[in-house]
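1. Sequence and computational prediction follow.
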Amino acid sequence: MKKITHDIPSYHSTPEDAARMAHAAGAKRLVLYHIIPPLPSPLVKSLFLGNAKKYFRNPITMGEDGMLISLPANSDAISIKRIF
């Protein structure tokens, strides 16, 4: 686990980097998923996000197991549901 935690930043984006890219792309929402290692508690979400909200002012969603995100055809809608 120590090696994985050390190596992860070399091949994953930080929340701040993802926020900068979402802003540059004109995204309406940023969804962060494949969080490695998983956050141990919802209480640490704001710590994990760091300064991401400084770079991306639209909604930021933390993906979680059981979450279904859909982009309906011919629509600007973003549908987020929990399927379990």
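-> That came in fine, so what should we check first?
2. Mind listing the residues bridging to the residue most central in space within the chain?
-> Per CA atoms, centre = their mean, the C-alpha nearest to the average position across the chain is that of L32, at 1.4 Å. With beta bridges defined as DSSP bridges, L32 has these partners: M62.
3. Can you name the residues that contact it?
-> Contacts for L32 (CB atoms under 8 Å, 6 or more residues apart in numbering) come out as P15, A18, I60, T61, M62, G63. The way it works is simple: take the backbone N, C-alpha and C, and place the C-beta from them, glycine included.
4. PyMOL command for the buried members of those residues?
-> To isolate the buried members of the contacts of L32 in PyMOL, using 16 or more other CB atoms under 10 Å:
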select buried, resi 15+18+60+62
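5. Tell me which residues of the helix or strand of the chain with the lowest mean pLDDT come out buried.
-> The element with the least model confidence among the helices and strands of the chain, by mean pLDDT, DSSP states H and E, is helix 2-7, at a mean of 76. Using 16+ other CB under 10 Å as the burial criterion, none of the residues of helix 2-7 qualify.
6. Am I right that M21 is in contact with S13?
-> Yes - here M21 reaches S13: they are 7.4 Å apart, a contact under CB atoms under 8 Å.
7. Could you list every helix and strand in contact with the top helix by length along the chain?
-> Longest helix in the chain by number of residues, with DSSP state H as the criterion: helix 15-25. In this structure, helix 15-25 packs against strand 30-32, helix 52-55, with contacts taken as 3 or more CB pairs under 8 Å, 6 or more residues apart in numbering; DSSP states H and E.
8. if we go to 10 Å?
-> In terms of contact count using 3 or more CB pairs under 10 Å, 6 or more residues apart in numbering; DSSP states H and E, helix 15-25 is assigned the packing partners strand 30-32, helix 45-49, helix 52-55, strand 60-62.
9. name the helices or strands packed onto the last one?
-> Packing partners of strand 60-62 (3+ CB pairs under 10 Å, 6+ apart): helix 15-25, strand 30-32, helix 45-49.
10. separation between the residue lying farthest from the centre of the chain and K81?
-> In the chain, N74 marks the outermost C-alpha relative to the chain mean, sitting 24.3 Å out by CA atoms, centre = their mean. From N74 over to K81 the distance is 19 Å, taken as CB to CB, to the nearest Å.
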